[in-house]
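A.B. asks: Below are the sequence and a predicted model for it; my questions follow.
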Amino acid sequence: MSCSKTIPRRTRPDTFALILLLGAFSLESFAVGEARPAAVHWIPEDAVVSLEVRQPEALLRLLTGEKATAAVAALPAYQRRVSEPKFKEFLNLIHFLELTLETDWRNGLAKLAGGGITLAICPEDTLLLIVESEDQQMLEELHSVFLNIARSEAEKEGQAGRVASTPYGDITAWTFDGKEAHAIIGKRLVLSNRPEGLKAMLELRADSERASLASNRAYRAAKHAAGSDSAVRAFINPEPLLHVPDIAGLLDQQRVNPLAALVFAGIVEAIRSSDWVSLGLNAAGESLTLRVSLDGTASDETGPAAFALPGEPGEGALRNLRVPRRIAGMSLYRDLHGFYAAKDELFPERTSGLIFFENMMGIFFSGRDLTEEVMAQTRPEIRLVVAEQEYDPEVGVPQVELPAFAAVFRLHNPQQFDAVVEEAWQKAVGLVNFTRGQQALPGLIIERPVQGQTRFTMAYFSSLEVQDRAKLEQRFNFRPALAMPHDYLILSSTDGLARDLIDALTGETEPAVKPLAGTHSLVEIDGGQFASILQANRATLVRGDMVKKGRTQEQAEDAIDMLVSLVQSVKQVKLSISTDQSLTQALLELKLNLQ
C-alpha cells in the first residue's frame, strides 16, 4: 500500500524538527554480519545533493567535547538564554531523555551517531534522511518517546488522527505531523519530508536491481574524488542549481562586475562546465580540512578566463606575505594584460563603472594605452594584504578603526615604469585635494620618507587643528602610500602597512618567491586578528546592527558578541584553488581555537 495514499498531510514543523534533530546526529555504517547495502543504495538516482557522514568519532569529539561546550556556555548570549522559559523546556527535555535512555547526552549521542547519516535532496523539494544507529534498542526507545509526545500534542489540539501508522510490506511507516513520513528498519531510521520520498526509498530497498544514486556515474566519480578516508563526503549535481535565480544571479555578477570577473575567474567557468561537485571533509584534533573537486575547468587557453590560469609548468600564485597584525592575505595568479585585452569578450556591455575607470586611467597615465603600455608592465603574481592598524599616539585614534589594506604587484621593467606610476599616483592625490578643496575641506600632504633602502611616497591629513584626538574623523584611517622596492609595486592605504611590506619583500627568501605550481588563488585569514578589529569597533557595529535590523541594544550586542566569539574560535583559515587538465580543486583548512 502506498504511503502517499494513507498518511495524512497536515503540518507539524515543530515535531518534524525533533525528528530531524534525531536524524542529524546519526551516521552511515553497518554492524558486522548485517546484509543491508550502504544507505546510498536507497537514495534515488536523480538526487541533486547527497551528504554522507561516515566517520563520526572525530567530528563528535570536536563539536561536542568539553572545550567546545564550555566555549558555547561562556557566551553572554547563551547565559542569558538559560533563564528563558523555552530554553529551560529544551534543557528539561534533554534531561528527560537522559533519564529515559539511562545515559548522559554525550554518550547517548555517540551511540545514536555511531553508525552514519546519509542526507539527500531530490527533485520536487524532497528531503531524504537515512540514519544508522549503533544501538537499535536506544533508537526504538527514543522513537517511542517522540511518538508519545506527538500523540499527546495531537490529542490536546483535537487532531489525534494526524499521528498515524501504515504498513508497507514488512515495514511500518509512521507520520507524526501528517506531512513527514518515516520508518525504523533494524538500526536504521529512514525519513522524508514527503510520503512520496519515503515510498521511493522503500521501493529501492525492496528491489536492489533498480538504479539508485550508487549507480550514478557522476556520483561515483565524485565519491572517488572525495577520497576513501573522508569523514564526511558530499555529491552535488550543479546543473539544476544553476537555474536557481539566486545562484544564477550570483554567478552572473562576473559578466557585469569587472572586479568579480578578476577575482573569481576560472572558478565560475569551472562550476558552469562541471557535471559534478565533490566535497570531502576530515577532522584531526582541532583542525578541519575540506577538499572540493569539480570535473570542470576553464582550461581553454584561448578563452576569456585564460588570464587566470597558469600557462606554463611551475607557474602559479606566490605565497602570501606576512606582516605584523595581519588580518588576511590573498595571493592571485592573474594576467592583467590578458584580462584587459579580453574585456570586450568578458564585458560585451560596457558598464558605466568600466567607462569611468577607463577615463580616469587615461588621465592618470597621460593617455597611454591601458592594455599594452600599462597592464602589460605587470606580471601575473598579485598579492593583497589586510592588517589592523597601529595608530601613532601623536596623531590620535579614529572613532571608527578601519584596517589597512594594500596590493602588491610584480613588474617586468621597474626601471622604465616606476616614474610612470609615480606620476599617476601624484595625479590621483592631486585630484583628491582639488575635489576636497572645492568643498573647503583639508587636503592631503605629500612626503617622501625612507624605509630601509627604499624611498617611497605617502600622503596624510594633518591633525594639528583637531581638538579631540581620541575620536578622529574616519579620514584619518587613510595615509595612502606608493612604494617600489626591487621589482615590486606597493599601493597601500597607509604608510605603516607600506613600511611593513617593504620589510617583508626585502627579507623574502627563495622558497617564498617560488610559485605554487598550478595554484591560481590562495587566501589566508587570521582569526585572532580579525576578532581584534571587530572588538575595537564593537560599539559602532552594535549601533549599525540596531539601525539596519531594528534590533534592541541587547539583541544587537548579543549578535555582535556571538560574531566575535565565532571568529575567535577560528585560529586560521586557508583556502587554495588550483586546476589541471581534468579537475578544479579547492582545499579549505580550518584550525580551531577552542581554549
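C.D. replies: It's in. It should be emphasised that the depicted structure is a prediction, and the values quoted were computed from it without experimental measurement.
A.B. asks: Quick one, grab the pLDDT at the residue of the chain positioned farthest from its centre.
C.D. replies: Using CA atoms, centre = their mean, the residue of the chain lying farthest from its centre is residue 158. It sits 45.3 Å away. The predicted local distance difference test score for residue 158 is 91.
A.B. asks: Regarding it, what is its secondary structure?
C.D. replies: Reducing the assignment to helix, strand or coil with DSSP: H, G, I helix; E, B strand; the rest coil, the entry for residue 158 is coil.
A.B. asks: distance of it from residue 473?
C.D. replies: Distance, residue 158 to residue 473, using CB to CB, to the nearest Å: 64 Å. No exception for glycine: its C-beta is placed from N, CA and C like everyone else's.
A.B. asks: what do you get for residue 343?
C.D. replies: Here the distance between residue 343 and residue 473 works out to 37 Å (CB to CB).
A.B. asks: try residue 384
C.D. replies: Per CB to CB, residue 384 is found 26 Å from residue 473.
A.B. asks: Comparing these two, which residue is more hemmed in?
C.D. replies: Here residue 384 and residue 473 are compared on neighbour count by other CB atoms under 10 Å; more neighbours surround residue 384, at 17 against 14.
A.B. asks: does the more buried one have beta-bridge partners, and which?
C.D. replies: Partner residues in beta bridges with residue 384: residue 330, residue 407, with DSSP bridges as the criterion.
A.B. asks: if I pick it, what's in contact with it?
C.D. replies: Applying CB atoms under 8 Å, 6 or more residues apart in numbering to residue 384 gives the contacts 329-332, 405-408.
A.B. asks: Let me know the pLDDT of it.
C.D. replies: 98.
A.B. asks: what pLDDT does residue 8 get?
C.D. replies: The per-residue pLDDT reported for residue 8 equals 34.
A.B. asks: Show me the shaky parts of the stretch 151-300 of the chain.
C.D. replies: Scanning the stretch 151-300 of the chain for pLDDT under 70 picks out 298-300.
A.B. asks: all helices of it, in order?
C.D. replies: Along the stretch 151-300 of the chain, the stretches classed as helices by DSSP state H, counting those that start in this stretch are 195-206, 217-226, 238-241, 245-256, 258-263, 267-272.
A.B. asks: before we move on, what about the stretch 351-500 of the chain?
C.D. replies: 352-364, 414-438, 495-506.
A.B. asks: Could you tell me the least trusted of the ones you listed?
C.D. replies: Out of these, helix 352-364 stands lowest, with a mean of 85 (criterion: mean pLDDT).
A.B. asks: Could you measure from residue 367 over to residue 420?
C.D. replies: Residue 367 sits 12 Å away from residue 420, going by CB to CB.
A.B. asks: Residue 165 now?
C.D. replies: When CB to CB is applied, the distance between residue 165 and residue 420 equals 80 Å.
A.B. asks: So which of the two has more stuff around it?
C.D. replies: Neighbours were tallied for residue 165 and for residue 420 using other CB under 10 Å; the higher tally belongs to residue 420 (16 against 13).
A.B. asks: Who are the contact partners of the closest residue to that one other than its chain neighbours?
C.D. replies: Here the nearest residue to residue 420 in space, its sequence neighbours aside, is residue 365; by CB to CB, 6 or more residues apart in numbering that works out to 6.7 Å. Residues near residue 365 by CB under 8 Å, 6+ apart: 373-374, 420, 424.
A.B. asks: give me the number of residues near residue 486?
C.D. replies: 13.
A.B. asks: list the contacts for it?
C.D. replies: By CB under 8 Å, 6+ apart, the neighbours of residue 486 are 414, 505-506.
A.B. asks: By neighbour count, which of those wins?
C.D. replies: The member of these that has the most neighbours, counting by other CB under 10 Å, is residue 505 with 22 neighbours.
A.B. asks: Hmm, that residue is touching residue 321, no?
C.D. replies: Yes - at 7.3 Å, residue 505 and residue 321 qualify as touching, with contact defined as CB atoms under 8 Å.
A.B. asks: Can you add distance to residue 546 and give the helices of the stretch 351-500 of the chain back as a markdown table?
C.D. replies: Formatted as a markdown table, the entries for these read as follows, by distance: least, CB to CB, whole Å:
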| stretch | distance to residue 546 |
| --- | --- |
| helix 352-364 | 32 |
| helix 414-438 | 31 |
| helix 495-506 | 32 |
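A.B. asks: Could you identify which of the ones you listed is most buried?
C.D. replies: Stretch with highest mean neighbour count among these: helix 495-506 (a mean of 22; mean count of other CB atoms under 10 Å).
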